[in-house]
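Enquirer: please find the sequence and the predicted model below.
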Amino acid sequence: MNVTQEYKQTEFGPIPSDWILCTFQDVLTTFSSGATPYRGIPEYYKGNVRWISSGELNYNKIFDTVEHISQQAVRNTNLRVHQPGTFLMAITGLEAEGTRGRCAFIEAPATTNQSCLAINGTERMCTEYLFWFYRMWGQYLAFKYCQGTKQQSYTASIVRNLPIYGPKDITEQQAIAEALSDIDGLIAALDKKIAKKRLIKQGAMQQLLTGKKRLPDFTGDWIEIRLGDYTAMNSGGTPSSSIPEYYNGDIPFLSISDITISGKYIKKTEKAITKKGLKNSSARMFPRGTIMYAMYASLGKTSIADIELSCSQAILGIAPNDKIDSNYLYYCLSFIENNVKEIGQTGTQTNLSKQIVQDILLYIPNQGNEQQAIATILTDMDKEIADLEAKCDKYRLLKSGMMQKLLTGQIRLK
């Protein structure tokens, strides 16, 4: 690879002086949208012809579709069957929902609805390069060039006149697309592996936390307990938001959103309060190692405090006694998270209370060392997943940097 020295200025910023800057219609072709066969004729939707809707476009390759239509529907609706390698972009949809502007590749012959615009390459530009160019600049193009007051939709004529740039040599375009596709493939493989590991962990929790599968050398009885009999619990409080000096201090202040994004351990919080805020409210301090349990909004979401912190009244701090391992309790509470809404109090929203949480019944090994052994296995699984996620994040960061460098010509591929 070598670094380009000479550039020319464009609305996208500087690009190499030997690259082309033109419109879509100068280097691409087709620009055809599809249609929706009449739903009042059920036979139209009983065929084997793939039919793509814009909701299936998600920067992906489409091998099959949610719905299929008949050959009769294709003929009577005047639909075009697009071949593999066709680039699709969503031309309608709400920006807030992220629908408009999504794109995809067709990997098997397919038709589309009216919300998808099909584009094909020419000898001047390949659709593989278009895919990556559009992933980088799609939001900018949609914001600047779409028309309309409600959906801000594209039309074929607007898309034809969208600006695009790239290397003159199509083999350089293909090399850029291949490099970015390779790292995308690595990320996809890691995502798949992470999903598989999560399923394995869920299965292990189902077996180990219910006693269906016992670890070797453990034969002691399991007992049913009331959570409140084995723990001490207290909720937090929120200093008045109308008093500025209560906030932006050095005391971490935990909110539901912090628990939602933290995973197993809470290492930092978005907000902080002052000592004055702590003193003049019902907020309290919870030591490191306290299990933090969401009673509002994300009901039953659980994390362990890895720092000393305070929290709002929407969160319960749970401190287990010496008869239940804190790591084991964390996994027990995480395991029953999906069932918690059934026991919540119903008002304007479903909430939990300290009393409800105290009355939760758990089935646990009577021996502390069996609890610890189970928790260790699940902790190891969590670490493996976390390591894979960190690796995936690293690749995503690398891909972002590669897109910026390769798609602006800052780095050229030989």
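Expert: Thanks, I have it. Quick caveat, the model's predicted, so the values are computed rather than measured.
Enquirer: which stretches of the stretch 301-414 of the chain have low pLDDT?
Expert: 344-349 (pLDDT under 70).
Enquirer: going along the chain, name the helices of it.
Expert: 326-335, 354-358, 368-406 (DSSP state H, counting those that start in this stretch).
Enquirer: against which helices or strands is the first one packed?
Expert: This means helix 326-335. Helix 326-335 is packed against helix 170-208, strand 291-294, strand 302-305, strand 315-320, strand 361-365, helix 368-406, with contacts defined by 3 or more C-beta pairs under 8 Å, 6 or more residues apart in numbering; DSSP states H and E. Every residue, glycine included, has its C-beta placed from N, CA and C.
Enquirer: let me know which of the ones you listed is the nearest to residue 122.
Expert: Closest approach to residue 122 among the helices and strands packed on helix 326-335 is made by helix 170-208 (8.9 Å; C-beta to C-beta).
Enquirer: tell me which residues in the closest one are buried?
Expert: Using 16 or more other C-beta atoms under 10 Å as the test for burial, helix 170-208 gives 170, 172-173, 175-177, 179-180, 183-184, 186-187, 190, 194, 197, 201, 204-205, 208.
Enquirer: ok, residue 193 touching residue 388?
Expert: Yes - using C-beta atoms under 8 Å, residue 193 is in contact with residue 388, at 6.1 Å.
Enquirer: which of the helices of the stretch 301-414 of the chain is buried the deepest?
Expert: Greatest average neighbour count among these goes to helix 326-335 (a mean of 21), per mean count of other C-beta atoms under 10 Å.
Enquirer: who touches it?
Expert: 205-206, 209, 231, 264, 289, 291, 293, 300, 302, 304, 318, 320, 362, 364, 371-372, 374-376, 378-379 (C-beta atoms under 8 Å, 6 or more residues apart in numbering).
Enquirer: next: stretch 261-280.
Expert: Stretch 261-280 has contacts (C-beta under 8 Å, 6+ apart) with 239-240, 243, 245-255, 257-259, 283-285, 292, 303-307, 309-310, 330, 382, 386.
Enquirer: for ChimeraX, what selects the buried ones among those residues?
Expert: Remark: buried members of those, expressed as a ChimeraX selection using 16+ other C-beta under 10 Å:
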select :239,246,247,249,251,252,253,254,255,258,259,283,292,303,304,305,309,310,330,382
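Enquirer: now for the helices of the stretch 301-414 of the chain, which one comes closest to residue 9?
Expert: helix 368-406 (17.1 Å).
Enquirer: output the contacting helices and strands for that closest one.
Expert: helix 127-145, helix 170-208, helix 326-335, strand 361-365.
Enquirer: strand partners (parallel or antiparallel) of the longest strand seen in the chain?
Expert: Counting residues, the longest strand found in the chain (DSSP state E) is strand 247-254. Strand 247-254 has its sheet partners listed here by DSSP bridges as strand 271-273 (antiparallel), strand 310-311 (parallel).
Enquirer: low-confidence ranges in the stretch 51-200 of the chain?
Expert: In the stretch 51-200 of the chain (pLDDT under 70), the answer is 93-100, 147-152.
Enquirer: I'd like the strands paired with strand 247-254 laid out as TSV, including distance to residue 409.
Expert: Converted to TSV, the strands paired with strand 247-254 look like this (distance: least, C-beta to C-beta, whole Å):
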stretch	distance to residue 409
strand 271-273	43
strand 310-311	50
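Enquirer: ranking the ones you listed by burial, who's on top?
Expert: Highest mean neighbour count among the strands paired with strand 247-254 (mean count of other C-beta under 10 Å): strand 310-311, with a mean of 28.
Enquirer: contacts for it next, please.
Expert: So strand 310-311 is contacted by 235-236, 251-255, 273, 278, 283-286, 292, 317 (C-beta under 8 Å, 6+ apart).
Enquirer: dump the helix or strand hosting residue 223 to PDB, keeping only the CA atoms.
Expert: If you go by DSSP states H and E, residue 223 is part of strand 222-226. Provided in PDB are the C-alpha atoms of strand 222-226 (Å, rounded to 0.1, in the frame of the first residue of the first chain):
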ATOM      1  CA  TRP A 222     -30.900 -28.500  47.000                       C
ATOM      2  CA  ILE A 223     -33.300 -26.300  48.900                       C
ATOM      3  CA  GLU A 224     -35.900 -23.800  48.100                       C
ATOM      4  CA  ILE A 225     -35.300 -20.400  49.700                       C
ATOM      5  CA  ARG A 226     -37.100 -17.000  50.000                       C
END
